[in-house]
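J.: Return a 3D structure for these sequence lines:
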Amino acid sequence: MIRVREKQKITKLELKRQIFHIAFGLIIVFLFYYNLITLLYMFLLLFLGLVLSIISVRYNVLVLSWFLKNFERESDLSKFPGKGMILFFVGCMMVIGFFPKNVALASIMVLTLGDALATIIGKAVGRYTVGGLKTLEGFGMGIIGGFLGAVVFVKPVPAFLGSAIAMLFELLELKIGEIILDDNISVPLLAAFTIEFVIKFGGGLF
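T.: Residues are numbered from 1 along each chain as shown. All right, here's what the predicted structure looks like:
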């Protein structure tokens, strides 16, 4: 159900989080594209991140504590510090592990640009919401941003469809039972599946 909400402003915290989201994604793409990071190294970094997250629940860890206070949502600080960054990393690892390099890179760009721009535009200028949550303006900008990132690595049609499908499910919120699947996982996977499907069954046209 589409509703009109009052004009809102994006918070400074959320803007900082999304800018970091973009920077983090671009760094992963750069490292993976130039073969400077492997899946094994990513597993080791993920393990280190989980250990630091557990420690941070009870103890202050120098620079990490400053980072969490300045970029983490209050709701995650006491339960799962670094949740967004860790799940982002997991999403990237999944597509790197299961899809061809160009498809993985394209889907990570959909997550990096599409998801971040959808949040920024949706919260900053979005008026028309779906179910009172995500906005149509954010959805549209997410598709554009994801497409522009993905088309660097795959042809326009799979890039657009991959971005559009991923952003559609991000808009509607994908659920497994009563659990909402985090978009850091769902967006790259849906983008990668769609891009791979279009490339494989496009008859060489895409």
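
J.: residues near residue 193, how many?
T.: A count of nearby residues for residue 193, using other Cβ atoms under 10 Å, gives 18. The C-beta positions use only the backbone N, C-alpha and C, and glycine is treated the same way.

J.: any idea how far residue 27 is from it?
T.: 24 Å (Cβ to Cβ, to the nearest Å).

J.: hey, which helix or strand in the chain has the poorest pLDDT?
T.: Ranked by mean pLDDT, DSSP states H and E, the weakest helix or strand in the chain is strand 175-176, scoring a mean of 56.

J.: My guess is residue 31 contacts residue 39. True?
T.: No - when contacts are counted by Cβ atoms under 8 Å, residue 31 is not listed as touching residue 39 (11.8 Å).

J.: Which residues are in contact with each of those two?
T.: Residues within reach of residue 31 and of residue 39 at once, by Cβ atoms under 8 Å, 6 or more residues apart in numbering: there are none.

J.: and those two? which has more neighbours close in?
T.: For the pair residue 31 and residue 39, the greater number of neighbours falls to residue 31 (14 against 11), based on other Cβ under 10 Å.

J.: before we move on, which element is the more buried one in?
T.: Per DSSP states H and E: residue 31 is located in helix 12-33.

J.: Can you name the next helix or strand after that helix?
T.: Tracing the chain C-terminally past helix 12-33 and defining elements by DSSP H and E, one meets helix 39-58 next.

J.: Now do that following helix, average pLDDT.
T.: For helix 39-58, the mean per-residue pLDDT is 88.

J.: residues in contact with the next helix or strand after it?
T.: Going down the chain from helix 39-58, the next helix or strand is helix 62-71, by DSSP H and E. Contacting residues not belonging to helix 62-71 are listed as 13, 16-17, 20, 52, 56, 77, 81-82 [Cβ under 8 Å, 6+ apart].

J.: What is the nearest of these to residue 168?
T.: Nearest to residue 168 out of the contacts of helix 62-71 is residue 17 (Cβ to Cβ; 22.8 Å).

J.: Excluding residues flanking it in the chain, which one is nearest residue 147?
T.: residue 163 (4.4 Å; Cβ to Cβ, 6 or more residues apart in numbering).
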